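> Turn this into a model:
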Amino acid sequence: MIQIKSQREIESMRKANVLTALTHEYLAGLIQPGIMTKELDEAAEEFIRSRGGLPAFKGYGGFPGSVCISVNEEVVHGIPGPRILMEGDIVSLDTGAIIEGYYGDAARTHGVGVIDEEAKRLIVATQESFFEGIKFAKVGNRLSDISHAIQAYVEARGFSVVRDYVGHGIGRELHEDPQIPNYGPAGRGPRLQKGMVLAIEPMINEGRFTVRVLPNEWTVVTMDGKRSAHYENTIAITDGEPDILSMR
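Down below sits the predicted model:
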């Protein structure tokens, strides 16, 4: 069942999402060749807690970190650890915060040092596909209008959209109804209503869309070993343009 949020609830969610956005800004300044992924994770947890939030991902479903840190061919749910980021890598950070019982959620992909042009193109296309999708995040449109716009934009640029993992509703739970694929035909699914709060998160592959889960039962990687990028924001449906809660 899709939960419609009151304006008061949305303002609480804004606090959680602003903290999430600030965490991403902080982590972006730490990314450089030679840093370990666990160092980024520890920095994020300290940052979130120091500002009155709780790390939303820590312990969620048993996940051991505060940030999902996915490098190169890793799509999502990478576990922070001793891995050292290298010049030319791309790294996706997915994290969230809880404030006043409400969740924030956002993801960003960064280059580590100097990256190649195709990696830059992948990262930009992933981010821009989100903004293409939310052009349709308006009252009266169908949920899949967002999905279709993302897929069309991505595939026109020669990339592919992950099918196995999707966006979601969000509120007092990190994952609520509805599920929001980043692919599919337009004109399907529930009509968008004011007060829906959605985490829209394109996961885009350089090669084919097929993925698999590593034996750690968390980290998702591309089947063909090519790179993947991830971009996510939490948005609220309004009477007009969507309100991006996780951007300052």
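> Could you tell me what pLDDT the model assigned to residue 96?
Per-residue pLDDT puts residue 96 at 98.
> Any idea how many residues pack against it?
31 (other Cβ atoms under 10 Å). The way it works is simple: take the backbone N, C-alpha and C, and place the C-beta from them, glycine included.
> was I right about it contacting residue 19?
No: counting by Cβ atoms under 8 Å, residue 19 is not a contact partner of residue 96; they are 9.0 Å apart.
> where do the contact lists of those two overlap?
Each of residue 104 lies in contact with both residue 96 and residue 19 under the rule Cβ atoms under 8 Å, 6 or more residues apart in numbering.
> Output the below-cut-off pLDDT ranges for the protein.
Within the chain, no stretch has pLDDT under 70.
> what about the helices in it?
For the chain, the helices defined by DSSP state H occupy 7-28, 37-50, 117-133, 143-156.
> With mean neighbour count and distance to residue 227 as new columns, can those helices be given to me in CSV?
Below are the helices of the chain laid out as CSV (neighbours: other Cβ atoms under 10 Å; distance: least, Cβ to Cβ, whole Å):
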stretch, mean neighbour count, distance to residue 227
helix 7-28, 20, 19
helix 37-50, 19, 16
helix 117-133, 19, 6
helix 143-156, 22, 14
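> Of all those, which one is nearest residue 176?
helix 7-28 (11.6 Å; Cβ to Cβ).
> counting contacts, what elements does that closest one pack onto?
When contacts are defined as 3 or more Cβ pairs under 8 Å, 6 or more residues apart in numbering; DSSP states H and E, helix 7-28 packs onto helix 37-50, strand 90-95, strand 97-99, strand 102-103, strand 106-111, strand 233-236.
> To residue 5, which of the ones you listed lies closest?
strand 233-236 (7.0 Å).
> Mind listing the strands the closest one pairs with, and their directions?
Sheet pairing of strand 233-236 (DSSP bridges) gives strand 197-200 (antiparallel), strand 243-244 (antiparallel).
> Give me the distance from the shortest one to the chain's centre.
For strand 243-244, the separation from the chain centroid amounts to 15 Å (computed by Cα atoms, centre = their mean, to the nearest Å).
> please begin residue numbering at 844 from this point
Understood, numbering begins at 844; the last thing we discussed is strand 1086-1087.
> what's in contact with it?
853, 977, 1076-1079.
> May I have the distance across stretch 999-1010, first residue to last?
Separation of the first and last residues of stretch 999-1010 by Cα to Cα, to the nearest Å is 21 Å.
> List the buried residues in that stretch.
1002-1005, 1008-1010 (16 or more other Cβ atoms under 10 Å).
> Would you reformat the helices and strands packed on helix 850-871 as TSV and include distance to residue 1065?
Shown next, in TSV, are the helices and strands packed on helix 850-871 (distance: least, Cβ to Cβ, whole Å):
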stretch	distance to residue 1065
helix 880-893	18
strand 933-938	12
strand 940-942	29
strand 945-946	28
strand 949-954	14
strand 1076-1079	23
